[in-house]
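S.K.: sharing a sequence plus its predicted fold:
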Amino acid sequence: MYSDTDQWLRIRHRILVEGVSRKQVVRDTGISINTVRKMLRYPQPVSYGPKQRTFPKLGPYIDMIRRMLKNEDVASGTPIPSPHEIYERMREQGYSGSCGTVRNYVSSLKHKERRLWEAAYDHTKLLDRRSAVTFLVRLARRTCSSKAQRALSELSTTGGPAADNTAEAYQEELSNRAAFTWMRKVLQKKISGAALRGELGGVRDLSTLLNNFYEGRLSERNRSLAVLANIRGWKADTICTFLGIDRKTYHSYLQAFGQGGAETLFAGRTAASRKLDDEGLKSLIFATLHKPPRNYGVNRTTWTMATLSHVLSDKGHPACRDTIRKIVHQAGWRWRKARIVLTSTDPDYSEKLDRLRSVLSRLQPDEAFFSIDEFGPFAVKMHGGRALTPPGELRTVPQRQKSHGCLIITAALELSQNRITHFYSEKKNTTEMIRMAEALVETCPAYRTLYLSWDAASWHMSKRLRGWIAKHNASAHLCIRPLVVTVPLPAGAQFLNVIESVFSGMARAVIHNSNYSSVNEAKAAIDRYFAERNADFEAHPKRAGEKIWRCERQPAVFSAANNCKDSNYR
């Protein structure tokens, strides 16, 4: 607000008397053109004030309301009609608005009348005792109603101390004290329920409000008193100060009461179901992440939180971006370079995954399912890793070392018994896969069918391997040997290969922080690890996922939501 009176008058003189243009004044003074226009409209700076509230729906009924409020007879004891009673009379005359509008208008009239009486009080302080008493008696008896109202209006606007800032602050203080006194009396039961009903009028659920106010907990008492004080017409700031609550809480009480009455106001909070704790949603998110977006009709090569949210909504499991982001972040997923492959690009991903699930769901006692893969090649040398370190000591690993040799582990994990079969290979090729298949056939002669599952490496699907399997199956019934059936994983879906979890646990246990002096020493440690693991699961058929020596990334069970692949080994 611009309030420099001298500058205001100078600018008006330059434009109206000297004839200087408005734009020139704007350039000279830096004042906006809108402010200059305002200076020309008003001879002096105009202070901002509260906007006068309008009630357009009450237009035809304002005279009726004023007559009803004016016709009370103090001498005869006729009570002033409550806003609810006025509202019922207006409805009979065709009024279609709400009772709250009537209540707000009546409250505004009461505030205006109160300001007039406060102005009268300030005026009496300027009179001697006799004149002041005469003035108050005339007002009380309504012998000079119209004349007194005009006089009081003049006093409250221009003529007396009420126009002074100090007087306004004093009046505000008096209003606050009156509100505090009223609420304190209600709280101390100095105002009876019958008196409150007469004072507040026809308030819905008043009995419930009073019952919770007198017998409820502190929160229920606050809710009741907030609603009652609002109906009484006290200011929101005064009510919030008395109850020790903020305006947001106060307005939430009023909104709840307006929507559903006392039932909604005192309704307890229901514990919201946190989607972050929904295991079904988590599994669905990670199962979706493992598939390329185009499988769901999304024209993108990578997932985003927005596309994930859209796909989940289409599946009937809506979740906002923040929820998805937190679930993915808590699971350890991060935005990484493309070298860490966590998404399959196989266009037949869904079909292959469905076949894998079908085989596992119908697996019979005389059938075995093997997850097969190779670990390595890795050099036998000093390896780094995480370990407890005393203060002041810094563990180091030489960047350039002479390797003691190289190892490749070819292993198969039987999912039913959680048993590892392994040997060491010089290369990754079809010969080693045939060797593994022959080893499994020899170790499982009593089974009817052996299902072999591996990733989409070229030596896992070569013609030579398929030819060996076909030849074996052709003579299996003659030699009483189990059939061999392959269940390949989708391309680029190493994270679904359950044996990767076992490899990660083995690496953390016997390869990280190791410094073996020879290949044989490294083999001995690996053999011992797998032997102890097999012995533990043989003694405890239930999965021992919490065993400290088996630090596997995921439980050794198949799930589309798992990420079994260790990012440190490919």
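M.R.: Thanks, I have the structure now.

S.K.: where do the helices of the stretch 201-350 of the chain begin and end?
M.R.: 206-215, 218-232, 236-243, 247-265, 279-289, 305-314, 321-330, 349-361 (DSSP state H, counting those that start in this stretch).

S.K.: output the lowest mean pLDDT helix or strand found in the protein.
M.R.: helix 145-154 (a mean of 48; mean pLDDT, DSSP states H and E).

S.K.: residues touching L265, list them.
M.R.: Residues in contact with L265 (CB atoms under 8 Å, 6 or more residues apart in numbering) are 223, 227, 253, 256-257. To be clear about C-beta, it is placed using only N, CA and C from the backbone, and glycine gets the same treatment.

S.K.: just the pLDDT for it.
M.R.: Model confidence at L265, given as pLDDT, is 81.

S.K.: and R66, by the same measure?
M.R.: Confidence score, pLDDT, at R66: 80.

S.K.: what does the one 4 residues further on give?
M.R.: For K70, the model assigns a pLDDT of 69.

S.K.: sketch out the low-pLDDT regions of the protein for me.
M.R.: Applying pLDDT under 70 to the chain flags the ranges 1-2, 47-53, 70-79, 110-120, 122-123, 125-127, 138-171, 268-273, 337-343, 542-570.

S.K.: max-length strand in it?
M.R.: strand 367-379 (DSSP state E).

S.K.: which residue of this structure lies farthest from its centroid?
M.R.: No residue in the chain sits farther from the centre than R130, which is 67.9 Å out by CA atoms, centre = their mean.

S.K.: quick one: it from Y121, how far?
M.R.: Going from R130 to Y121 by CB to CB, to the nearest Å gives 17 Å.

S.K.: repeat for L276
M.R.: 60 Å.

S.K.: more neighbours, the two?
M.R.: Neighbours around L276 and Y121, counted as other CB atoms under 10 Å, are more numerous at Y121. The numbers are 19 against 14.

S.K.: where's the more buried one, which helix or strand?
M.R.: Taking DSSP states H and E as the criterion, Y121 maps to helix 99-124.

S.K.: next one: A412
M.R.: Under the criterion of DSSP H and E, A412 resides in strand 406-414.

S.K.: and that strand, C-alpha only, in CSV?
M.R.: Only the C-alpha atoms of strand 406-414 are listed here, as CSV (Å, rounded to 0.1, in the frame of the first residue of the first chain):
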residue,chain,number,x,y,z
CYS,A,406,41.9,-69.5,-13.0
LEU,A,407,38.8,-71.3,-12.0
ILE,A,408,35.3,-72.0,-13.6
ILE,A,409,32.7,-73.6,-11.5
THR,A,410,29.9,-75.5,-13.2
ALA,A,411,27.1,-76.2,-10.8
ALA,A,412,23.5,-77.4,-10.6
LEU,A,413,21.0,-76.6,-7.8
GLU,A,414,18.2,-79.0,-7.2
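
S.K.: which elements pack onto it?
M.R.: In terms of contacts (3 or more CB pairs under 8 Å, 6 or more residues apart in numbering; DSSP states H and E), strand 406-414 is packed against strand 367-379, strand 419-425, helix 430-443, helix 499-506, helix 519-539.

S.K.: name the residues that touch it?
M.R.: With contacts defined as CB under 8 Å, 6+ apart, strand 406-414 is touched by 368-380, 419-428, 432, 435-436, 440, 452, 498-499, 502-503, 519, 522-523, 526, 530, 556.

S.K.: whichever of those residues end up buried, select them in ChimeraX.
M.R.: Buried members of the contacts of strand 406-414 can be picked out in ChimeraX with the line below, counting by 16 or more other CB atoms under 10 Å:
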select :368,369,370,371,372,373,374,375,376,378,379,380,419,420,421,422,424,425,428,432,436,440,452,498,499,502,503,519,522,523,526,530,556
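
S.K.: just to revisit the earlier point, next secondary structure element downstream of the helix holding Y121?
M.R.: In the C-terminal direction, the helix or strand that comes right after helix 99-124 (DSSP H and E) is helix 129-140.

S.K.: give the other helices and strands that that following helix contacts.
M.R.: Looks like helix 129-140 contacts helix 99-124 (3+ CB pairs under 8 Å, 6+ apart).

S.K.: look up how far F369 lies from V498.
M.R.: Distance check for V498 against F369: by CB to CB, it reads 9 Å.

S.K.: list residues touching both of those two?
M.R.: Common contacts of V498 and F369, defined by CB under 8 Å, 6+ apart, comprise L415.

S.K.: and V46, helix, strand or coil?
M.R.: coil (DSSP: H, G, I helix; E, B strand; the rest coil).

S.K.: can you give me the distance of it to I434?
M.R.: 97 Å.

S.K.: repeat that for D6.
M.R.: 103 Å.

S.K.: who has more neighbours, the two?
M.R.: For D6 and I434, the more surrounded residue by other CB under 10 Å is I434, and the numbers stand at 18 against 7.

S.K.: wait, that one sits on K471?
M.R.: No. The pair I434 and K471 fails to qualify as a contact (CB atoms under 8 Å) at a distance of 10.6 Å.

S.K.: quick one, what contacts L356?
M.R.: L356 touches 453, 487, 489, 496, 558, counting by CB under 8 Å, 6+ apart.

S.K.: try it again at 6 Å.
M.R.: Taking CB atoms under 6 Å, 6 or more residues apart in numbering, we find L356 in contact with V487.

S.K.: one more: the one 3 residues further on?
M.R.: Applying CB under 6 Å, 6+ apart, we find V359 in contact with 451, 487.
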